[in-house]
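Undergrad: no letters, just coordinates:
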């Protein structure tokens, strides 16, 4: 994602705000940078940068100092760095078999994470909201919530971004669940609660901090039971009109195939989802992560049924990916969630299928890689979602009560 | 597409250039606007707009005057309008059975178009470049090429935008054809030659001047023999890394189906392309536009085989569109090219298939409409491609020799 500031018109206050955003975003994504690096990365003039850094330092949101620790040989260069504790977000994740939370500071510093099992729990919205609220209170108590600026939530469902309505979450049995508003009411925190699909957030996280840094065109594929997708095209997340975009698990790849949980026939996830893998390997469906890992162990031990089920999955994974390569012409496809664990077992089959089925031009450009962030990709993405309003307009936050005066923390 | 100016940093010359671009783009897309409307649409200050309009008027690129013709009752409001003849582009199109050209001015005024049959012609790159060069010279002679600022070319093939290389154009038998550089060498015009896929340009044209004005998320589907797609997501064309994006005709919808011209099996275009329609209706394949129109006439006359072939096509069209709706969450799908003519025959079947197969959230949002620009969508899009450098930085053009002094034309 580009860190160059975009800016309307020429009203000087608008320009100042946008330039402040440009600098804070660059430091948030890239880490500490010298003034010269900021000039190079942002396109702003040296004098503008000097003035804006002064403002950030005065507010306590950033500091300036040597880049290397004391005692390192050579003359250390001066860098500007954000103060992670001055603005933190609460990231929450609702996945099929766990709930997770993290407190993450500006610049990406992780102050604490927790993941709790929910595989035998009650899936109702009430219960999940209650459990998340408990988890959130605990995290904020332990890791400091007095500089909280936002809450971001990743959920395995199709989400309307404007209000966090979960249109469908088949793994949770949710339909039109008002997750955003219910969670906000339960948390009772003085900050916004933003909700998005877990794969969309996984894509954002890999793009900012994982396997796809500086990659402007990528597809992140995740999935435990189902198959989710997060797409970044031309540096921007593809959300569609209402945030429903990216549902690649419901591409029709085999219209005479099996019934999908969504009501259609032969969606991609009926061929590459967990059920297909488990049943193909002679397991019962519904075994979750443990059963998938058992299939992978069996395949490593040369079980013929496990290997053939994985080969079949690689075949169908390649077919769907060929379609996505043809439509999106991406640089990178990142396999996340369950697909990240499958990667060593399926990569050869997937590459062969792409050679057979994708158009030569885009095929030559794309690479398939496993996640660099493991199971936490969506959680890290939720933190990025929650910090976005601050990155977009730090000036508002500097003047609001959400950021306590610097002296209150020193 | 938004007409608000985007702008780096705060260097005043950069800001001036971007604001000039904002104004010219707004006038180009929206037509004549009053100063108040420009303030509202661009977000610029009234004083900035006054100054920039002064500059545009002085250069002859715009003029200011009453909105209504003399003699209209009431006091006419003052509007700013671009002078179409002060900067024109040459748009060219290479389609399966015709070549077309147009001279189009700033603001979209069409000075002239021509379309010539090439259904029994030689498809070699040399011949097509030669024919286009003849056509271009004739158009420029007749419609005035002394204010030419660019050439845009639409082609039925997969195009690398950077240099106009046609990676594959199955209908022309082209592989890695250096169309951009060969056409530039043949035309010998002192302006850039930009090449893009015809469906990508159709999408751009429908977005700016057709069925999808103000629609930020749309998919344009076209096709004569094959199936092409142009996608605009979040207001921006989806091109992918190298401009290969949008090849929706090669989504795998039936992997046990028929061999596709691309080498894969069961691509969408094997089910909804011209061959499937013709053969299903009892015609020979390869009949082109005339044969397709014959099938439509037969269907209107209640031919059972024509109707069943169209019903089958509607079924597969709906399947593929369901996948695209799930992935892109678009507001609008525009059926162009052959699909525009099929629309009245297939719309009911397509809508029914979408009801069955698309996810409820995005399904509720999308509409399927026929092209508003007919056969000229790609040609109009090619003109938009060619004018883009001027819209992005009118200041460079004002100071270059490409724009003759205003007095030279008055």
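TA: Nice, I can see it. What you are looking at is a predicted structure, and each value in this text was computed from that prediction instead of being measured. Numbering: from 1, shown residues only, chains lettered A, B, ... in the order given.

Undergrad: which residues are in contact with residue A:152?
TA: A:89-92, A:194-196, A:201, A:381-387 (C-beta atoms under 8 Å, 6 or more residues apart in numbering or on different chains). For glycine as for every other residue, the C-beta is placed from the backbone atoms N, C-alpha and C.

Undergrad: mind doing that once more with 6 Å?
TA: Contact analysis of residue A:152 by C-beta atoms under 6 Å, 6 or more residues apart in numbering or on different chains lists A:91, A:194, A:382, A:383, A:385, A:386.

Undergrad: need the residues you listed in JSON lines with neighbour count and pLDDT, can you?
TA: Output for the contacts of residue A:152, formatted as JSON lines (neighbours: other C-beta atoms under 10 Å in any protein chain shown; pLDDT from 0 to 100):
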{"residue": "A:91", "neighbour count": "32", "pLDDT": "98"}
{"residue": "A:194", "neighbour count": "22", "pLDDT": "97"}
{"residue": "A:382", "neighbour count": "35", "pLDDT": "98"}
{"residue": "A:383", "neighbour count": "30", "pLDDT": "98"}
{"residue": "A:385", "neighbour count": "25", "pLDDT": "97"}
{"residue": "A:386", "neighbour count": "25", "pLDDT": "98"}
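
Undergrad: and of the residues you listed, the nearest to chain B?
TA: Distance to chain B across the contacts of residue A:152 (C-beta to the nearest C-beta) is lowest for residue A:385, with 16.3 Å.

Undergrad: okay, and the spatially closest residue to the closest one that is not a sequence neighbour sits in which element?
TA: Nearest non-adjacent residue to residue A:385, counting by C-beta to C-beta, 6 or more residues apart in numbering or on different chains: residue A:152, 3.9 Å away. Using DSSP states H and E, residue A:152 sits within strand A:148-155.

Undergrad: now the element after that strand, going C-ward?
TA: Following strand A:148-155 in sequence, per DSSP H and E, is strand A:158-160.

Undergrad: ok so, going back, is the residue nearest to residue A:385 in a bridge, and if so with what?
TA: Listed by DSSP bridges, the beta-bridge partners for residue A:152 are residue A:91, residue A:194.

Undergrad: ok, it to chain B distance?
TA: Separation of residue A:152 from chain B (C-beta to the nearest C-beta, to the nearest Å): 20 Å.

Undergrad: tell me the spacing between that residue and residue A:209.
TA: 14 Å (C-beta to C-beta, to the nearest Å).

Undergrad: what does residue A:268 give?
TA: If you measure residue A:268 against residue A:209 using C-beta to C-beta, the figure is 27 Å.

Undergrad: more neighbours: which of those two?
TA: Taking neighbours as other C-beta atoms under 10 Å in any protein chain shown, residue A:268 and residue A:209 compare with residue A:268 leading, 32 against 18.

Undergrad: surely the more buried one and residue A:251 touch.
TA: Yes. Using C-beta atoms under 6 Å, residue A:268 is in contact with residue A:251, at 4.6 Å.

Undergrad: now for these two: what residues contact both?
TA: residue A:320.

Undergrad: can you give me the helices in chain A?
TA: For chain A, the helices defined by DSSP state H cover A:12-30, A:35-42, A:46-59, A:125-143, A:179-187, A:198-209, A:268-272, A:274-280, A:288-300, A:304-328, A:337-357, A:360-365, A:377-392, A:394-399.

Undergrad: so what touches the third one?
TA: In this case it means helix A:46-59. A:19, A:20, A:23, A:35, A:38, A:39, A:62, A:80, A:398, B:10.

Undergrad: quick check on these: which are buried?
TA: A:19, A:20, A:23, A:35, A:38, A:39, A:62, A:80, A:398, B:10 (16 or more other C-beta atoms under 10 Å in any protein chain shown).

Undergrad: on the pLDDT front, check the fifth one for me.
TA: pLDDT recorded at residue A:38 is 94.

Undergrad: so which elements touch the helix or strand of chain A with the lowest mean pLDDT?
TA: When the helices and strands of chain A are scored by mean pLDDT, DSSP states H and E, helix A:394-399 comes last with a mean of 85. Packing contacts for helix A:394-399, counted by 3 or more C-beta pairs under 6 Å, 6 or more residues apart in numbering or on different chains; DSSP states H and E, involve helix A:12-30.
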